[in-house]
Structure formats: C-alpha cells, structure tokens
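**Q** Have a look at this prediction, sequence included:
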Amino acid sequence: MATVQRFEDLVCWKKSRELTSEIYRSFRNCKDYGFTDQIQRASVSIMSNISEGFESGTRDSFVNYLYIAKGSAGEVRAQLYAASDIGYLNIQTFQYLKNNAEECSKLLNSFIKAVKSSPNSGLQRKREMTKDEQETESFLADAREQLAKIHPGIYGKKP
C-alpha cells in the first residue's frame, strides 16, 4: 500500500469537504446566524482536524485529531436534527446531509483503525541514518548490483 503524501488525497478529507460545502449551501439563506455559524464551524472542524492531524507528523497526534474530527461529525449530525426539528430543513435535505455526516464518521472510524495499526510512527519519529549506516547501505546496494550482473537469473536483472 502506498503512503499518502497529502491530506487532500485522503477519502475522509474529501468527503468532509463535500459535507462542508453542502452545509454552507443548505444554510446560506437561514436567518438564524448563531445556529448557522455553529453548524458551519462544526463541519469545517471535520476537514480542518483531519488536515491538521495529517500535518502534525506523529501517529499519536494524528489519531487524536481524527477523533476530534469524528466528534465534530457527531456534532454536525446533532445540529442537523435540531435544524430538522425547528423546520430549517425539509426531510429530504436533512436525510441527505445526515447520511453524508454519517459517512464521514464511518470513514474516520475505519481510518483511525488503519492509522493505529500502521507500522509507521510518523515523520517526527523517523530516525536519520548514521554515517556508518549510510555507508553500509551504499555498500549493500553496490553488492546487490554486482550480484545482479553476475547472476541475472537469480537477482532478476540482466547484465
């Protein structure tokens, strides 16, 4: 499995971005500015915490931010119930947005499990090789190259 290089490539981040866009569209004409501000902030919090955690550099920190993002997805769902009960949303819009928020939660839950079980501990924990280790690695690479020239069938390279 390839390592993701940018948070923009994460499925959970993409989905949270879509949810945020839909929340902003759905409440753009709502005159309850306090409510609108709260649900918009909660939706932005999902994608913001995913990206901030990704950039944090450690697995433990990333997982913590992912849990915060998951909590924000729950907050969005709670706000959507309130919006539906108050009459700010029709049932179809409520259902659509709630399903999107639930999907964000599920994606985050799955991703949290994957990150927690990953052998990678994060960039901040990546140890630089010592000079001796670099020299050894270079020597081994040269030796592998020479062996591949001598025994191409065994080492998979042609002379």
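**A** Yep, that arrived. Residues are numbered from 1 along each chain as shown.

**Q** can you tell me which residues contact residue 111?
**A** Listed by CB atoms under 8 Å, 6 or more residues apart in numbering, the contact set of residue 111 reads 10-12, 66. Every C-beta, even on glycine, is put in place using the N, C-alpha and C of the backbone.

**Q** can you list the domains in this structure?
**A** Per the record, the chain has its domains at 7-124, 127-159, by automatic domain parsing.

**Q** Pull the distance from the longest one to the chain's centre.
**A** I take that to be domain 7-124. 11 Å (CA atoms, centre = their mean, to the nearest Å).

**Q** Stretch 13-25 - what's its average pLDDT?
**A** What stretch 13-25 shows for mean pLDDT is 97.

**Q** re the thing from before, single out the most deeply packed of the domains of the chain.
**A** Sort the domains of the chain by mean neighbour count, taking mean count of other CB atoms under 10 Å, and domain 7-124 sits at the top with a mean of 17.

**Q** who's in contact with residue 96?
**A** With contact set as CB under 8 Å, 6+ apart, residue 96 has these partners: residue 22.

**Q** Apply 6 Å and report the result again.
**A** By CB atoms under 6 Å, 6 or more residues apart in numbering, no residues touch residue 96.

**Q** Next: the one 5 residues further on.
**A** Shown here is residue 101, whose contacts under the criterion CB under 6 Å, 6+ apart are 73, 76-77.

**Q** and the residues you listed as CSV, adding secondary structure?
**A** Below are the contacts of residue 101 laid out as CSV (DSSP: H, G, I helix; E, B strand; the rest coil):
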residue, secondary structure
73, helix
76, helix
77, helix
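
**Q** follow-up on the earlier one: and which of the contacts of residue 111 is nearest residue 95?
**A** residue 12 (21.1 Å; CB to CB).
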